[in-house]
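predicted model and sequence below, questions to follow.
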There are 4 protein chains.
Amino acid sequence: MKLIVRAELAYRFPQPTPVIASLEAARSADQRVLTESLDVDGVDELVRDQDPATGERRFRSCLEGDSEIVYQAVVDNGDRQALPADAREHGWADLPAECLPYLLASRFCPSDKFMRFAQREFGGLATGGAKVHAVLDWLNTYVDYVSGVSTPETTAERTFVDRAGVCRDFTHLGITLCRSLNIPARAVSAYAWRLDPPDFHAVIEVYLEGRWWMVDPTSLAPVEGLVRIASGRDAADIAFLTSTAACDCRKVAVSVKRAVERDGLDAD
Amino acid sequence: MKLIVRAELAYRFPQPTPVIASLEAARSADQRVLTESLDVDGVDELVRDQDPATGERRFRSCLEGDSEIVYQAVVDNGDRQALPADAREHGWADLPAECLPYLLASRFCPSDKFMRFAQREFGGLATGGAKVHAVLDWLNTYVDYVSGVSTPETTAERTFVDRAGVCRDFTHLGITLCRSLNIPARAVSAYAWRLDPPDFHAVIEVYLEGRWWMVDPTSLAPVEGLVRIASGRDAADIAFLTSTAACDCRKVAVSVKRAVERDGLDAD
Amino acid sequence: MKLIVRAELAYRFPQPTPVIASLEAARSADQRVLTESLDVDGVDELVRDQDPATGERRFRSCLEGDSEIVYQAVVDNGDRQALPADAREHGWADLPAECLPYLLASRFCPSDKFMRFAQREFGGLATGGAKVHAVLDWLNTYVDYVSGVSTPETTAERTFVDRAGVCRDFTHLGITLCRSLNIPARAVSAYAWRLDPPDFHAVIEVYLEGRWWMVDPTSLAPVEGLVRIASGRDAADIAFLTSTAACDCRKVAVSVKRAVERDGLDAD
Amino acid sequence: MKLIVRAELAYRFPQPTPVIASLEAARSADQRVLTESLDVDGVDELVRDQDPATGERRFRSCLEGDSEIVYQAVVDNGDRQALPADAREHGWADLPAECLPYLLASRFCPSDKFMRFAQREFGGLATGGAKVHAVLDWLNTYVDYVSGVSTPETTAERTFVDRAGVCRDFTHLGITLCRSLNIPARAVSAYAWRLDPPDFHAVIEVYLEGRWWMVDPTSLAPVEGLVRIASGRDAADIAFLTSTAACDCRKVAVSVKRAVERDGLDAD
């Protein structure tokens, strides 16, 4: 699917503040960035990083006063497919080395604590695909999508107790349960077509049957409309802005539209 | 039921150490202490406290070196009854004032975090008695009795995730769920007939239909054989020994036998 | 000092909601309530509790829709004295039984974790009074008074790391350190003369040399102008409103003025 | 320095259990593995991973019953230098991209919570080197090396409160404080010459003035005798054995000796 993504962020920094921003669509194997532009007002020079292995990108700068960041791109995100229920899981010895970090507990995803629950609830299912689908169904049944219940410090353990949260919390709890089942799972930040209201989105990616599969634990956006920004162990790795000091966020506006071959944008 | 309880504790204190001990059977409205003896070796003088409202007792001393504490009593614990499923719950405005602290979250029982889960899982049931029985069934189904999983710092939140623990953990999680349902619930330390292996026991007490009812969330000991020692918000309030410094616990031996009218002890 | 205290609270309750309110000046040994009035609009009948031992009061009701609570009283808080640096501490065996709960760790005051720090930092001082003053100095030096850093779930452990908080957090950390030093310490909610901006206040009370002493860990209000509302192990016990469901707090207005014998209010 | 390292581990696995082991000396830029052998008894086939960027290695297998793992190597760890106090720190925009993950909070190193403390305590120092040395001095002064206080779940937040721990805890707290000062810091597992008693060791590595520097927050082993095994955000990344299920560890024996050119081993 060809998508036009746009993010406008405005911040006020009371003092010169180093930042790392993760906003750009990844130049990863599963999607192509056709055109893009990035403007950070008042800044001539950005340090831009691209991970050679994943194609994920970040930029670094030192911002001061009122700063506006505008990113726009046209991205072909290929043909994202829904995870089949019969997707086979790998043994540990049979995984690519780069998947191993995503088996381990991380700050917001303490999967080592959930072994007993996860095995009892999902362990008996035949395939990795069936297990992940059962985790998604469980989230959908037992956790409410509610804003304001969680904070940036909320862990999957807390969401499991609270039974409520936003996309970040659903993603953390879903990742945690998958890792408890010995399935590599990571967090992906994304632009999401048809997400309403539009915003940055967080989804889960699991490694089964030789590849990574994106799934949306909130069911709020279709997988075929997801544009990958960055991936990591949990939300801390993929924040769209990380800074050394508190700053005042004044605007986060995201839009994702489908590009139509001849006629420009479609109605979405 | 008439019961003979005995506790022998041995500690080594590297230095003179103030302690508070909660071992004596309560002289409460629901049981009678017929005879008893308390020996703390090497100590002539104990400060002995009895709560005028509850009849619960503690003694205080300063122990040093090797200390052995032996408590023995014959107690008639009356006629403890099982909680009926139709026991009615009280509105907040309709509770005795002394029940109110047991509605609130406490350190090991953070009931304020469990509202959503408890209401969804148990909230629809008709009576307080039915709700408490459903909580006990849930614990019995979803939590495993396993030693070594928990520590003295384990909270009900952690046990809810771990799905395993010992009597203290079952009691904390059960109390937490009851309080989330607006039912006053407290922890009770007890001598427990037929608990195997014998040890101090922790059970739940809930306030329904005008009185407190003991229930054993582990189902390891019959309610009719429980001898109350102390009650509190959670295990921290009812520890059998609290001291200002770490000490070396060398022996905890508990026995509970049924006294038979004419012939001495019965076979239990 | 004779003080006129007034609190106006307005809430919106989406549904009929049981509440427990702790707003009334205590009828305790250390202060006299000369006159008072309590109005809860739309409610004819309140359940009013008074603790026979402490004279602390609560009322219970079930509120619905827009509710306004107005409490006003004239209180003579006697002659509150500053804690002398040479106030002696008691051994555990030498304390009144009612002080013992305030030696133990509680939810927001996990004093059992702070033993090593407290002993090293304050343990060498000669008297309980000197230790408490050193704790207050430490708080004043190393913790910043900052709103918005903490939440109702913030524990003393977290404040010790964050090094910032509001009166509740200072109180919790101060209590924790006192208990780690084996000094009984509790939280007191109070009306506070000259607190700016006016609000409910939380302070510490320590038991030394045979009596309780109030100290303000924030140094924001003079001890002689404190009117006691309630005391407890930590903030959870003394919340001015506890309810079974979330409600919308629309107004909290507190005022404390000094009553002058003949001429009405003074200039404060 | 040329060192002969040897590790013998024995485990009992009640069922076939996938494991990831991180025991081998890294083939990193700062050291050379001259000879080595690895035996896992009863296993013919190991999956062996080597990170192309760092030279760190892991092996994977599925173990069952009694398993013994013996690793031995002769390693030239080059000429490890002590961190100079005047080593300059980098701005965020001036760091190699591969350092960025080590600026962020991780599970056991929640550096985002320590900003205020770290800045007040260490922030005024002139250089990154001076800051790191001040952190090490602080750890040495205020934290006690004590076994049994911490568990595998202990975070730097907890160690900061407890003021006691083992090498893992010192490393976590030191890393946390460095990251709070915006200095990239990571955990390194190592064989450590002259560590007494011999064991696997955990140390800190900070990035200053264009390179990584190892420092030992416990001061128990000289930096020039450290042989790198693996590095990561915290201890979870560098565990010497990670398994999908609990297993029984029956032996961990480590030895590190200095190799002497002509005459075999020296006296250490």
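Noted; the coordinates are in hand.

show me how far stretch A:98-111 is from its chain's centre.
15 Å (CA atoms, centre = their mean, to the nearest Å).

that stretch and chain D in contact?
Yes - residues of stretch A:98-111 contacting chain D under CB under 8 Å from any CB of the partner chain: A:100-101, A:103-107, A:110. The way it works is simple: take the backbone N, C-alpha and C, and place the C-beta from them, glycine included.

tell me the average confidence for that stretch?
Average pLDDT, stretch A:98-111: 96.

okay, buried residues for it please.
Neighbour counts using 16 or more other CB atoms under 10 Å in any protein chain shown place A:99-111 of stretch A:98-111 among the buried residues.

contacts for that stretch next, please.
A:53, A:90, A:92, A:95, A:112-113, A:118, A:154-157, A:172, A:175-180, A:182, A:184-186, A:207, A:233-236, D:20, D:49, D:58, D:105-107, D:110, D:236-237, D:242 (CB atoms under 8 Å, 6 or more residues apart in numbering or on different chains).

how long is that stretch end to end?
19 Å (CA to CA, to the nearest Å).

same check on stretch A:156-173?
End-to-end for stretch A:156-173, by CA to CA: 5 Å.

that one close to chain B?
Yes - for stretch A:156-173, a contact with chain B is found by CB under 8 Å from any CB, at A:157-158, A:160-164.

ok, back up a step: can I get the residues of stretch A:98-111 next to chain D in JSON lines with distance to residue C:69 and secondary structure?
Below are the residues of stretch A:98-111 next to chain D laid out as JSON lines (distance: CB to CB, whole Å; DSSP: H, G, I helix; E, B strand; the rest coil):
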{"residue": "A:100", "distance to residue C:69": "58", "secondary structure": "helix"}
{"residue": "A:101", "distance to residue C:69": "54", "secondary structure": "helix"}
{"residue": "A:103", "distance to residue C:69": "54", "secondary structure": "helix"}
{"residue": "A:104", "distance to residue C:69": "52", "secondary structure": "coil"}
{"residue": "A:105", "distance to residue C:69": "47", "secondary structure": "coil"}
{"residue": "A:106", "distance to residue C:69": "46", "secondary structure": "strand"}
{"residue": "A:107", "distance to residue C:69": "42", "secondary structure": "coil"}
{"residue": "A:110", "distance to residue C:69": "42", "secondary structure": "coil"}
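
closest one of these to residue C:255?
Checking the residues of stretch A:98-111 next to chain D against residue C:255 with CB to CB, the nearest one is residue A:107 at 45.0 Å.

burial measure for residue A:63, as a count.
24 (other CB atoms under 10 Å in any protein chain shown).

close enough to count as contact, it and residue A:17?
Yes - the pair residue A:63 / residue A:17 is scored as a contact, 5.7 Å apart, by CB atoms under 8 Å.

which residues are common contacts for these two?
If you check residue A:63 and residue A:17 against CB under 8 Å, 6+ apart, the residues they both contact are A:243, A:247.

so where's chain A uncertain?
A:261-268 (pLDDT under 70).

which residues in it form strands?
With DSSP state E as the criterion, chain A has strands at A:2-21, A:32-40, A:47-50, A:57-76, A:144-145, A:164-165, A:185-192, A:201-208, A:211-215, A:226-232, A:241-243, A:248-260, A:264-265.

tell me which of these sits nearest to residue C:26.
Nearest of the strands of chain A (CB to CB): strand A:164-165, 37.5 Å.

what pairs with that closest one, parallel or antiparallel?
strand A:144-145 (parallel) (DSSP bridges).

any idea how far the nearest residue to residue A:144 once chain neighbours are set aside is from residue C:12?
Take residue A:144 and drop its neighbours on the chain: the residue closest to it by CB to CB, 6 or more residues apart in numbering or on different chains is residue A:164, 4.4 Å away. Applying CB to CB, to the nearest Å, one obtains 21 Å for the distance of residue A:164 from residue C:12.

tell me which of the two has more neighbours.
Neighbours were counted for residue A:164 and for residue C:12 using other CB under 10 Å; residue A:164 has more, 20 against 13.

could I get the contacting residues of the more buried one?
Counting by CB under 8 Å, 6+ apart, residue A:164 has contacts A:143-146, A:149-150, B:116.

if we can go back for a sec, just the residues of stretch A:156-173 next to chain B now: which is nearest chain D?
residue A:157 (11.4 Å; CB to the nearest CB).

can I assume that closest one is in contact with residue A:112?
No - judged on CB under 8 Å, residue A:157 makes no contact with residue A:112 at a distance of 10.6 Å.

who has more neighbours out of the two?
Between residue A:157 and residue A:112, residue A:157 has the larger neighbour count (other CB under 10 Å), namely 21 against 15.

correct me if wrong: residue A:191 contacts residue A:254.
Yes - counting by CB under 8 Å, residue A:191 touches residue A:254, with 6.7 Å between them.

and for these two, which residues touch both?
With CB under 8 Å, 6+ apart, residue A:191 and residue A:254 have common neighbours A:5, A:7, A:200.

just among these, which is most surrounded?
Busiest of the shared contacts of residue A:191 and residue A:254 [other CB under 10 Å] is residue A:5, holding 26 neighbours.

residues contacting it?
Counting by CB under 8 Å, 6+ apart, residue A:5 has contacts A:25, A:71-75, A:191, A:227, A:254-256.

apply 7 Å and report the result again.
By CB atoms under 7 Å, 6 or more residues apart in numbering or on different chains, the contact set of residue A:5 is A:25, A:73, A:75, A:191, A:227, A:256.

which of those count as buried?
For those, a burial check counting by 16+ other CB under 10 Å picks out A:25, A:73, A:75, A:191, A:227, A:256.

which one of these sits closest to residue A:45?
Using CB to CB, residue A:73 comes nearest to residue A:45 of the buried ones among the contacts of residue A:5, at 20.8 Å.

surely the closest one meets residue A:25?
Yes - in terms of CB atoms under 7 Å, residue A:73 counts as a neighbour of residue A:25; the distance is 5.0 Å.

which residues do these two both contact?
A:5, A:33, A:36.

I'd like to know how many residues surround residue A:148.
8.

the closest residue to residue A:66 other than its chain neighbours pairs with what?
Spatial nearest neighbour of residue A:66, chain neighbours left out: residue A:12 (5.3 Å); criterion: CB to CB, 6+ apart. Beta bridges link residue A:12 to residue A:66, residue A:248, judged by DSSP bridges.

mind listing what residue A:12 touches?
A:65-66, A:247-248, A:250.

mind putting those in JSON lines, distance to residue B:221 included?
Below are those laid out as JSON lines (distance: CB to CB, whole Å):
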{"residue": "A:65", "distance to residue B:221": "68"}
{"residue": "A:66", "distance to residue B:221": "68"}
{"residue": "A:247", "distance to residue B:221": "58"}
{"residue": "A:248", "distance to residue B:221": "59"}
{"residue": "A:250", "distance to residue B:221": "61"}
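
neighbour-wise, which of those residues leads?
Neighbour max across the contacts of residue A:12 (other CB under 10 Å) = residue A:247, 17 neighbours.

and the residues of stretch A:98-111 next to chain D, which is closest to chain B?
residue A:110 (8.3 Å).

would you mind measuring from that closest one to residue D:141?
Taking CB to CB, one finds residue A:110 at 32 Å from residue D:141.

also residue A:251?
According to CB to CB, residue A:251 stands 46 Å off from residue D:141.

same deal with residue A:241?
Distance from residue A:241 to residue D:141, by CB to CB: 37 Å.

who has more neighbours out of these two?
residue A:241 (16 against 8).

report the contact partners of the more buried one.
So residue A:241 contacts A:19, A:21 (CB under 7 Å, 6+ apart).

with the one 10 residues further on instead?
By CB under 7 Å, 6+ apart, residue A:251 lies in contact with A:8-10.

same thing with residue A:26?
Taking CB under 7 Å, 6+ apart as the test, what residue A:26 contacts is A:54-57, A:228-230.
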